[in-house]
Every structure is written in C-alpha cells, then in structure tokens.
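K.L.:
Just need the structure, nothing else, for what follows:
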Amino acid sequence: MKILARQLTLDLYNCDANRLGDVDEIKNLLRSIPGDKSLTADFLDENHFSIVGASAAGHIALHVYKDLRYVAADIFICNDTDETEELSKVIRKFFRPDKIKSTFLKRGDFGLEREIKPKIKIRVAPLRKVKNAGAKVVKKLVRK
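P.N.:
Numbers count the residues shown, from 1 in each chain. Next up is the predicted model:
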C-alpha cells in the first residue's frame, strides 16, 4: 500500500558535549543534507534551542538540550526518493550519542488498522554496553 509520508523520530542520549553548543555548526549539518530548505533557529533558554529545516519534501526539526546532552530529532519526508534512515545516520554521526531510541511511522497509510503501530528500535553504543556490564558485575560483587 502506498503511503503519503514517512516520519522518523530520534531520541539521542548522552551526546558529545562538544557538538551541542555551536548552532552554526548544526545548521551547516542540516544544510549538507540534500534538498532546498529554509532554516530557523530559536533559543528557548541558554541550554535549549531548536532548529527547523523545512522544504517541499518535508522537514527536519532538532531540539537540543545542552545541559542534558540530549537531542530530539524529527525527520518527516513526503517523497519516495529520500530515506529517513540515511538522514538519521548523518545526525547520529554528528552528535555521537551513547543511546538512541528511534520510532518510525508511516504517515497517511490507509491500510489495515493493525499495521498503524509504530516500529521502535533502541540502540546502545558499544562503550555504553561495557559500562553497563561493569556496573552490573560490581553490584553483584557488592551483594556477596
């Protein structure tokens, strides 16, 4: 069944702190993604800003929380040529998070109701897995 659009939301946790402060660098990242888009940046306070890139093919919105080292990204694509996953790779590579939660939605899918549920994936960076395993071992040793 043909869908009207695809939407991918990303929650990026424990991002590289050096990548979160420079709004112009993040704007350049969004400009490097193919397609004509207008970019706007709004500062909600000193630790939280948003950048939105809108085009005829969809939009990309980023909310950056510097003090939390967290980025919320929304990628909405209306055409069949752009892939949301490719765009998410560019964003993930730039911010280098330890943990990612992504949710994929088919927008305008008029298929069966049971097919409407979003697909959710969670990825944890290898270094984070090592830290988590080490913490579990220490907890077990402390209990004994």
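K.L.:
Show me which positions of the one helix or strand K101 maps to end up buried.
P.N.:
Per DSSP states H and E, K101 falls inside strand 99-107. Of the residues in strand 99-107, those buried by neighbour count under the rule 16 or more other CB atoms under 10 Å are 99-100, 102, 104-106. Where C-beta positions appear, they are placed from N, C-alpha and C, glycine not excepted.
K.L.:
how about a markdown table for these, with pLDDT added?
P.N.:
Formatted as a markdown table, the entries for the buried residues of strand 99-107 read as follows, by pLDDT from 0 to 100:
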| residue | pLDDT |
| --- | --- |
| K99 | 92 |
| I100 | 92 |
| S102 | 90 |
| F104 | 83 |
| L105 | 80 |
| K106 | 78 |
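K.L.:
closest to I33 among those?
P.N.:
For I33, the closest of the buried residues of strand 99-107 turns out to be S102, at 17.0 Å, with distances computed as CB to CB.
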